[in-house]
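>>> Need a 3D model of the sequence below.
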Amino acid sequence: MTSPDIAARRALGACAALMVGALTLTACGGSANANSGKGDGKGGGSSKSSSATIAISAKDGSTSASINSTGVKVSGGKLTDVRMTVAGSGQAVAGEMSANGASWKPEEQLERGTKYQISATAKDAEGRTAAANSIFTTVTTANSFIGTYTPDAGTTVGVGMPVSFTFDKAISDRKDVQSHITVTSSGGQKVVGHWFGAQRLDFRPEEYWKAGSKVTMKIDLDGVEGADGVYGVQKKTVTFTVGRAQVSTVDVNTQTMTVVRDGSTLKSIPISSGSPQHTTYNGQMVISEKFRQTRMNSQTVGLGGEYDIPDVPDAMRLTTSGTFIHGNYWYNKGNPPFGREGTSHGCVGLADAQGAQGDTPAHWFFDNSLVGDVVIVKNSPDKTVSPDNGLNGWNMAWSEWVAGSAV
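Sure thing, here's the model as predicted:
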């Protein structure tokens with residue numbers, strides 16, 4: 001028979017063993033972010049922690065990490081090694097360490113909807129090591145939005161060129177999105193944004209841009225919630241230059257176009273506007289694209305099979321709906337001569353040669369025009385072009401434009 005004292009001692013021994021096991025499990029556990037201010041775990045008796053504290057911007061387990069600002073920073077020490085990989089495949093992600101060893105970031109923008117892993121180590125001034133890890137997923141395409149914008153960085157544009165964003169998803173929090181895009185001009189002009197529906201945001205000053213000015217667009221949409229559960233991913237600064245001031249006026253009554261640059265008339269050119277059946281829009285229209293040659297097919301603008309010209313020369317787009325100012329080599333050179341009457345399907349035609357070759361009015365105008373130049377049409381029997389049909393917000397009164405701002 002076992003005595004009560006012996007039984008009690010055995011029970012205590014069993015409890016002690018269980019406690020040791022529990023402590024061992026606890027010591028081996030912890031999150032992937034475990035860290036950071038702990039020592040290197042080696043024996044030797046010292047329990048003093050490293051002064052280095054590592055911070056990985058993408059938290060362990062997060063599912064909507066930034067594709068732009070994900071990185072590693074350390075305080076109280078220097079980073080000694082940072083390794084970033086695509087989780088699963090192990091593909092390395094190249095990165096750049098700061099000169100002082102205080103931070104690290106990927107060299108290129110991360111992919112959306114991708115799982116990554118970061119492992120980082122650092123040492124403090126006394127050589128004690130700290131470590132941190134994070135496994136995370138970047139924001140997905142379904143849960144993010146981007147804005148396609150014009151003009152591009154580094155370009156030189158005409159005085160009528162607005163800054164125009166088209167978002168790939170509907171924006172419900174327009175105020176927050178607009179407030180994270182700022183457009184400024186070296187000319188000191190006040191620039192205001194205007195929403196055309198839920199996916200387009202344009203910026204312009206009250207009058208045309210001042211010639212020669214620099215325009216800077218700062219996009220700080222990374223992490224901005226544009227709609228419920230949908231976040232921006234863009235963060236960049238874009239600068240473009242406004243060139244000389246060129247505005248060309250088409251008078252449908254006289255079938256002529258007068259080209260004025262910096263206040264002086266360069267040339268008066270015969271044109272052919274829309275026919276009585278297919279009139280040309282009135283209003284201020286901005287050149288948005290240039291094509292030395294392009295195909296024009298009437299079916300793409302809802303006119304059936306009236307024409308299909310594969311090599312329209314010196315063509316420049318004025319509206320999204322299909323209005324161009326372009327060369328015309330197929331016009332009747334007999335009676336009446338070019339510039340006497342409107343014969344087009346709504347475009348503005350200039351005399352040209354097939355192949356966009358030769359010293360023609362259309363070729364000259366193409367070579368002397370910039371994306372962003374303004375073409376004004378007047379005295380047409382048609383209506384004024386809609387402000388959102390192309391980059392044509394100049395056809396809206398300033399008070400109405402400002403009323404369409406969300407900030």
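>>> Only C-alpha atoms from now on, for both contacts and neighbour counts.
Noted.
>>> Correct me if wrong: residue 290 contacts residue 316.
Yes. Counting by Cα atoms under 8 Å, residue 316 is a contact partner of residue 290 at 4.4 Å.
>>> residues contacting residue 147?
Residue 147 is in contact with 165-168, 234, counting by Cα atoms under 8 Å, 6 or more residues apart in numbering.
>>> Please name the spatially closest residue to it (chain neighbours excluded).
residue 167 (4.2 Å; Cα to Cα, 6 or more residues apart in numbering).
>>> Would you mind confirming that the one you found is in contact with residue 199?
Yes. Look at residue 167 against residue 199 with Cα under 8 Å: they come within range, at 4.9 Å.
>>> sorry, back to before: return the distance of the residue nearest to residue 147 relative to residue 198.
Taking Cα to Cα, to the nearest Å as the measure, residue 167 falls 8 Å from residue 198.
>>> And those two? Which one has more around it.
The neighbour comparison of residue 167 against residue 198 (other Cα atoms under 10 Å) goes to residue 167, with 18 against 14.
>>> And stretch 377-396, what's buried?
Residues of stretch 377-396 classed as buried by neighbour count (16 or more other Cα atoms under 10 Å): 377-380, 382, 384-388, 390-395.
>>> In the stretch 1-150 of the chain, mark out all the strands, start to finish.
Counting by DSSP state E, counting those that start in this stretch, the stretch 1-150 of the chain has strands at residues 53-56, 72-75, 78-86, 95-97, 103-106, 115-123, 129-137, 144-145, 147-150.
>>> Quick one: those strands as a markdown table, columns for mean pLDDT and distance to residue 282 too.
Formatted as a markdown table, the strands of the stretch 1-150 of the chain follow (pLDDT from 0 to 100; distance: least, Cα to Cα, whole Å):
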| stretch | mean pLDDT | distance to residue 282 |
| --- | --- | --- |
| strand 53-56 | 98 | 57 |
| strand 72-75 | 98 | 56 |
| strand 78-86 | 98 | 55 |
| strand 95-97 | 97 | 54 |
| strand 103-106 | 98 | 51 |
| strand 115-123 | 98 | 53 |
| strand 129-137 | 97 | 51 |
| strand 144-145 | 97 | 35 |
| strand 147-150 | 97 | 24 |
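>>> before we move on, back to that, okay, and the common contacts of residue 290 and residue 316?
Taking Cα under 8 Å, 6+ apart as the criterion, residue 290 and residue 316 both touch residue 366.
>>> The helix or strand containing residue 365: which residues count as buried?
According to DSSP states H and E, residue 365 maps onto helix 361-367. Neighbour counts over helix 361-367 (16+ other Cα under 10 Å) mark 361-363, 365-366 as buried.
>>> Next: stretch 119-133.
By neighbour count on 16+ other Cα under 10 Å, the buried set for stretch 119-133 is 119-124, 128-133.
>>> Endpoint to endpoint, it covers what distance?
4 Å.
>>> how far is that stretch from where the chain is centred?
Its chain's C-alpha centre lies 38 Å from the corresponding centre of stretch 119-133 when counted by Cα atoms, centre = their mean, to the nearest Å.
>>> for the stretch 251-400 of the chain, what are the low-confidence residue spans?
298-307, 333-337 (pLDDT under 70).
>>> What segments of it are strands?
Taking DSSP E, counting those that start in this stretch as the test, the strands found in the stretch 251-400 of the chain are 256-261, 264-270, 283-286, 289-297, 308-317, 324-328, 348-351, 374-378.
>>> got TSV for these, with distance to residue 184 too?
Putting the strands of the stretch 251-400 of the chain into TSV (distance: least, Cα to Cα, whole Å) gives the following:
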stretch	distance to residue 184
strand 256-261	24
strand 264-270	28
strand 283-286	20
strand 289-297	24
strand 308-317	26
strand 324-328	30
strand 348-351	34
strand 374-378	21
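>>> among the ones you listed, which is nearest residue 55?
Closest approach to residue 55 among the strands of the stretch 251-400 of the chain (Cα to Cα): strand 289-297, 46.5 Å.
>>> Show me what the closest one packs onto, helices and strands only.
Judged by 3 or more Cα pairs under 8 Å, 6 or more residues apart in numbering; DSSP states H and E, strand 289-297 is in contact with strand 308-317.
>>> The strand it packs on vs strand 289-297, what angle?
160 degrees (axes from the mean of the first three to the mean of the last three Cα atoms, to 10 degrees).
>>> Name the surrounding residues that touch strand 308-317.
Residues from elsewhere that reach strand 308-317, judged by Cα under 8 Å, 6+ apart: 287-298, 323-328, 352-356, 362-363, 366.
>>> Next: stretch 177-190.
Residues contacting stretch 177-190 (Cα under 8 Å, 6+ apart): 171, 191, 193, 201, 203, 205-206, 209-210, 213-221, 224-226, 406-407.
>>> and those residues, which are buried?
For these, buried by 16+ other Cα under 10 Å: 171, 191, 193, 201, 203, 205-206, 209-210, 213-217, 219-221, 224-226, 406.
>>> CA-only coordinates of stretch 212-221 in PDB, if you can.
Provided in PDB are the C-alpha atoms of stretch 212-221 (Å, rounded to 0.1, in the frame of the first residue of the first chain):
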ATOM      1  CA  GLY A 212       4.900  78.200 -70.500                       C
ATOM      2  CA  SER A 213       3.600  77.200 -67.100                       C
ATOM      3  CA  LYS A 214       4.400  74.000 -65.200                       C
ATOM      4  CA  VAL A 215       1.500  72.000 -63.900                       C
ATOM      5  CA  THR A 216       2.100  69.500 -61.000                       C
ATOM      6  CA  MET A 217      -0.400  66.700 -60.100                       C
ATOM      7  CA  LYS A 218       0.100  65.000 -56.800                       C
ATOM      8  CA  ILE A 219      -1.700  61.700 -56.500                       C
ATOM      9  CA  ASP A 220      -1.900  60.300 -53.000                       C
ATOM     10  CA  LEU A 221      -4.700  57.700 -53.300                       C
END
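>>> model confidence over it, on average?
For stretch 212-221, mean pLDDT is 98.
>>> same thing with stretch 225-240?
96.
>>> just to revisit the earlier point, can you tell me which of the contacts of residue 147 lies nearest to residue 92?
For those, the nearest to residue 92 is residue 234 (23.3 Å; Cα to Cα).
>>> Can you give me the neighbour number for the closest one?
Neighbours around residue 234, by other Cα under 10 Å: 20.
>>> Do I have it right that it meets residue 225?
No. The pair residue 234 / residue 225 is not scored as a contact, 12.0 Å apart, by Cα under 8 Å.
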